[in-house]
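In: Got a predicted structure here, sequence first:
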Amino acid sequence: MSTFELTISTPDGNKFKGEVTRLFVRGCEGDLAVMAGHIPFATAVVSCDMRIDLPDGSSRSAAMEGGILTVGSDKVILMSSGIGDLT
């Protein structure tokens, strides 16, 4: 499965930076799944349990507060006011 670079940032610094296969979050209009090659866009995200799927088949999740998701042609940035530990 194709991967993309994901950076998850908070006011306390980066919580994650690396290659992932999917990102699941809740946007202001509903649930979102981002995969490699997704069309570029930006949206607000609301408090939710977010999840990332890693290339080795494992996944990590955490509770997050609201923020902004920016999807570019080759990388994705999720900025949140707070995120728990990715487990």
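Out: Noted; the coordinates are in hand.

In: the strands in the chain, which residues?
Out: 4-10, 13-20, 22-27, 30-35, 41-45, 48-53, 59-64, 67-71, 75-80 (DSSP state E).

In: list the buried ones in the fifth one?
Out: Meaning strand 41-45. The neighbour-count check on strand 41-45 (16 or more other CB atoms under 10 Å) flags Val45 as buried. Backbone N, C-alpha and C define where each C-beta goes, glycine included.

In: what about that strand, distance to the chain center?
Out: How far strand 41-45 lies from its chain's middle: 11 Å, per CA atoms, centre = their mean, to the nearest Å.

In: Now do it and strand 75-80, the angle between them.
Out: Here strand 41-45 runs at an angle of 20 degrees relative to strand 75-80 (axes from the mean of the first three to the mean of the last three CA atoms, to 10 degrees).

In: With only the CA atoms kept, save stretch 17-31 in PDB.
Out: Taking Å, rounded to 0.1, in the frame of the first residue of the first chain, the C-alpha atoms of stretch 17-31 are listed here in PDB:
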ATOM      1  CA  LYS A  17       6.500  12.500  12.000                       C
ATOM      2  CA  GLY A  18       6.800   9.600   9.600                       C
ATOM      3  CA  GLU A  19       5.300   7.500   6.800                       C
ATOM      4  CA  VAL A  20       1.800   6.200   7.100                       C
ATOM      5  CA  THR A  21      -0.700   4.500   4.900                       C
ATOM      6  CA  ARG A  22      -3.900   6.100   6.300                       C
ATOM      7  CA  LEU A  23      -5.100   8.800   8.700                       C
ATOM      8  CA  PHE A  24      -8.600   8.800  10.200                       C
ATOM      9  CA  VAL A  25     -10.000  12.000  11.800                       C
ATOM     10  CA  ARG A  26     -13.300  13.700  12.200                       C
ATOM     11  CA  GLY A  27     -13.700  16.900  10.200                       C
ATOM     12  CA  CYS A  28     -16.300  19.500  10.900                       C
ATOM     13  CA  GLU A  29     -18.700  17.800   8.400                       C
ATOM     14  CA  GLY A  30     -18.000  14.200   9.300                       C
ATOM     15  CA  ASP A  31     -15.400  11.500   9.400                       C
END
